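Visitor: Kindly generate the corresponding structure for this input.
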Amino acid sequence: MAESTSAAASPPAPTLVVHRGSCHCKAVLFEFDGRRDLVQIECNCSICRMKRNVHTIVPGSRFRLLQGEDMLTLYTFNTHTAQHLFCKRCGVQAFFIPRNNPDGYAVTVACIDPATFDSIQTETFDGQNWE
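Guide: So this is what the prediction gives:
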């Protein structure tokens, strides 16, 4: 009698699209690979709350800075793990490297070309009480 094994079918990998974005003056241009339906994070930590920043998390391997590295200025505080990058010309923070995900990027949703996504789901993150 032959023994048969059935492997569980794994779900197909999500289809990724190229999202493009920039700061306000277009000195800083970036792109990343992500789903058409984005998840944005609303964080209540002190800096996100004061900036009213809502962002989507992108793995570092899927993020590409296309232009403007020389136009970025850095702000850090507290543990100096998070790297808050701003355009020197217009002051917009198109993305930053978050403390809770230092191998990725937190991309400001308002800086992403809206033609590249279909929908946005909002999740909250309690950054004020994290750790």
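
Visitor: For Asn44, give me its contacts.
Guide: Residues in contact with Asn44 (CB atoms under 8 Å, 6 or more residues apart in numbering) are 124-128. The way it works is simple: take the backbone N, C-alpha and C, and place the C-beta from them, glycine included.

Visitor: From the chain's centroid, how far away is the helix or strand bottoming out on mean pLDDT in the chain?
Guide: The helix or strand of the chain with the poorest confidence is helix 46-51; it has a mean of 87 (mean pLDDT, DSSP states H and E). Chain-centre distance of helix 46-51: 16 Å, with CA atoms, centre = their mean, to the nearest Å.

Visitor: just checking, what packs against that helix?
Guide: Here helix 46-51 touches no other helix or strand, going by 3 or more CB pairs under 8 Å, 6 or more residues apart in numbering; DSSP states H and E.

Visitor: Contacts for the helix or strand immediately after it in the chain next, please.
Guide: In the C-terminal direction, the helix or strand that comes right after helix 46-51 (DSSP states H and E) is strand 54-59. Residues outside strand 54-59 that contact it (CB under 8 Å, 6+ apart): 32, 34, 38-43, 48, 95-96, 98, 101, 103-110, 112, 122.
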